[in-house]
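Trainee: Sequence unavailable; structure follows:
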């Protein structure tokens, strides 16, 4: 009987087309997913250039870095257990995998958006002029968060404006239509829209530095059972960082490869890097992660998510999902910690112990 | 006896009809159990009880942000778009169908043009619709209308063409004018066919509605599904999909009832779906 049930269960899972959840155990082959974004281009470069393979071989494991064309899809795939790690923002990590009960650790804090996300309007206007107008953006994304923070700073709230959910793929075309007067989006779309005549930027992520953070997050259990996986990723990442930051021919070649992979040229990519605060030095990333300001940022973020009903399904209180920070600080339910900022591997990189 | 001649008795037939539904449900329940044994908060396949609870919430409790009860607000928005789009398509379909089917001059002018239009994939026109009609309600309604009108026109004009010449001759010998023949001979015969064509178009109409709502919207059934897709909120998506299926079924069923009552004579021959 037991066997029959097991067979039916296996068939059901296969029939629905889903693999099982990521199993926590000792293993030697890992898969991480990433998507195109200025701060995540190094992941693609690490795979193509062989830097990842070199570091994986050093620890006797195998790591495959897979590019996913749709950012949210990559996070969903990670949450479903198809990948051991994924590139994601702090906000999306909290709402999707952590909110969905997948215990997730921020292994590498790569950068924060320092102008890459922006509120754009037609004409020379300010927030106060947007009262009663429609703003187009990808609802419930970091754009939405940026707008909420901007409205707050101008003494307004979301009730003062209307929000139209608009797919990022259609954002540029939408902005070109006369009916759209304001939008919130991210690079490289911001660059494209700013090239249109009469468009001005009234608020961007440089106004809330350090709040939109780009991470490499991994499954906490997988990492705990396989520290070599974390070491290989961190080692490969910081080797790529020092290569990227170097003012040498090799550094230029690496950045050019990343530029081409993201569909632009070196000048275009450098312009995007200028509005991105990259943590090239692991010590900077460690300092950022250990700064108590991170706790405050995540408190903003979780309140935003809860107010919009997306802090995990069935979350009845903003404290339902717990977060852990360096030094033992926590936010929310300590019995349900699902999102951890753990600088341990970045510290190893900073101390040259990888 | 050969299998092709064996007819299941009624009770068996009912069981057989229920079987695929039961198996699907079972596969879901088992898959959900397996995943939740690993992670109790799994979002991909939430427990059926959770889905039902959430569905009840969506249908009864006001949203924290807007104060509206989401399911009804989305349903109202979507049904309105669908109704306007389908109504426009049906009126255009009837008008042009009669013009093409009954009048040789209309046929020469429009038949090949409509055939050409019907080959344009409507979704490929979406960016153009947005530029011309903006991102608001108009472009969503236009997408539905553009998507199904050519099919209805072609179906109805073909039906008018199939009216036996003898009838047209007889009507003329009785002194009927073109206008009278259109109203008294052609229109009654294609009216049930129009209902039929609308029923068949509803599938594509829903598809266009949801595609339009996925791109830019503030409410609607398709909007909600694409919005919460970001958060793998299957406990919202599954009730919405069931609800859409139910609405589609209810509309189809009412149209069939309407057709049987209004045009009883068109449903006398044989079985019809």
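Mentor: Received, thanks. Note that this is a predicted model, so its numbers are computed, not measured. Numbers count the residues shown, from 1 in each chain, chains lettered A, B, ... in the order given.
Trainee: List of residues touching stretch A:169-179?
Mentor: For stretch A:169-179, the external contacting residues (CB atoms under 8 Å, 6 or more residues apart in numbering or on different chains) are A:120, A:134, A:136, A:138, A:166, A:180, A:183, A:185, A:189, A:192-193, A:196, A:199, B:127, B:130-131, B:134-136, B:215-216. (C-beta placed from N, C-alpha, C; glycine too.)
Trainee: Kindly list the longest helix within chain A.
Mentor: In chain A, with assignment by DSSP state H, the single longest helix is helix A:227-245.
Trainee: Could you point out the helix or strand that follows it?
Mentor: Towards the C-terminus, the helix or strand next in line after helix A:227-245, according to DSSP states H and E, is helix A:249-261.
Trainee: Counting by contacts, list what that following helix packs against.
Mentor: Helices and strands in packing contact with helix A:249-261 are listed as helix A:41-49, helix A:227-245, helix A:266-274; criterion 3 or more CB pairs under 8 Å, 6 or more residues apart in numbering or on different chains; DSSP states H and E.
Trainee: tell me which residues of it are tucked away?
Mentor: Applying a neighbour-count criterion of 16 or more other CB atoms under 10 Å in any protein chain shown, the buried positions in helix A:249-261 are A:254-255, A:257-259.
Trainee: Check stretch A:26-44 too.
Mentor: Of the residues in stretch A:26-44, those buried by neighbour count under the rule 16+ other CB under 10 Å are A:30-44.
Trainee: ok, which pair from the residues you listed is furthest apart?
Mentor: Within the buried residues of stretch A:26-44, two members stand farthest from each other by CB to CB: A:30 and A:38, at 24.7 Å.
Trainee: where does residue B:217 land on pLDDT?
Mentor: The confidence metric pLDDT takes the value 88 at residue B:217.
Trainee: Could you count how many residues lie near it?
Mentor: When counting by other CB atoms under 10 Å in any protein chain shown, one arrives at 25 neighbours for residue B:217.
Trainee: ok, now how distant is it from chain A?
Mentor: 6 Å (CB to the nearest CB, to the nearest Å).
Trainee: Next up, the contacts around that residue.
Mentor: Counting by CB under 8 Å, 6+ apart, the residues that residue B:217 touches are A:164-165, B:140, B:223.
Trainee: Which parts of the stretch 101-250 of chain A are helices?
Mentor: A:142-153, A:171-175, A:189-194, A:220-225, A:227-245, A:249-261 (DSSP state H, counting those that start in this stretch).
Trainee: Could you do chain B as well?
Mentor: Read by DSSP H, chain B holds these helices, from start to end of the chain: B:10-38, B:48-60, B:70-102, B:104-117, B:126-133, B:137-161, B:165-173, B:178-181, B:187-215, B:221-229, B:234-262.
Trainee: in the shortest one, what's buried?
Mentor: Spelled out, that is helix B:178-181. Of all the residues in helix B:178-181, those buried under the rule 16+ other CB under 10 Å are residue B:181.
Trainee: Kindly report the residues of the stretch 51-200 of chain B close to chain A.
Mentor: B:54, B:63-65, B:127, B:130-131, B:134-136 (CB under 8 Å from any CB of the partner chain).
Trainee: check which helix or strand covers residue A:57.
Mentor: Taking DSSP H and E as the definition, one finds residue A:57 inside helix A:51-58.
Trainee: what does that helix contact?
Mentor: Helix A:51-58 is contacted by residues A:45-46, A:62-63, A:65, A:232-233, A:235-236, A:239-240 when judged by CB under 8 Å, 6+ apart.
Trainee: What subset of these is buried?
Mentor: Buried members of these, counted by 16+ other CB under 10 Å: A:45-46, A:63, A:65, A:232-233, A:235-236, A:239-240.
Trainee: now, among these, which is nearest to residue B:102?
Mentor: Nearest to residue B:102 among the buried ones among the contacts of helix A:51-58: residue A:65, at 65.2 Å, using CB to CB.
Trainee: Quick one, which of the contacts of stretch A:169-179 are buried?
Mentor: Among those, those classed as buried by 16+ other CB under 10 Å are A:120, A:134, A:136, A:138, A:166, A:180, A:183, A:185, A:189, A:193, A:199, B:130, B:134-136, B:215-216.
Trainee: that older thread, right, and the pair among the residues of the stretch 51-200 of chain B next to chain A with maximum separation?
Mentor: Taking CB to CB as the measure, those have their most distant pair in B:54 and B:131, spaced 38.3 Å apart.
Trainee: Next, count neighbours for the residue of chain A found nearest chain B.
Mentor: Ranked by CB to the nearest CB, the top residue of chain A for proximity to chain B is residue A:101, at 2.4 Å. Here the count is done by other CB under 10 Å, and residue A:101 has 21 residues near it.
Trainee: Distance check, it against residue B:22.
Mentor: If you measure residue A:101 against residue B:22 using CB to CB, to the nearest Å, the figure is 29 Å.
Trainee: And the contacts of the lowest-mean-pLDDT helix or strand in chain B?
Mentor: The helix or strand with the lowest mean pLDDT-type score in chain B, counting by mean pLDDT, DSSP states H and E, is helix B:126-133 (a mean of 84). Residues external to helix B:126-133 that are found in contact with it (CB under 8 Å, 6+ apart): A:170, A:173-174, A:176-177, B:139, B:142-143, B:146, B:211-212, B:215-216.
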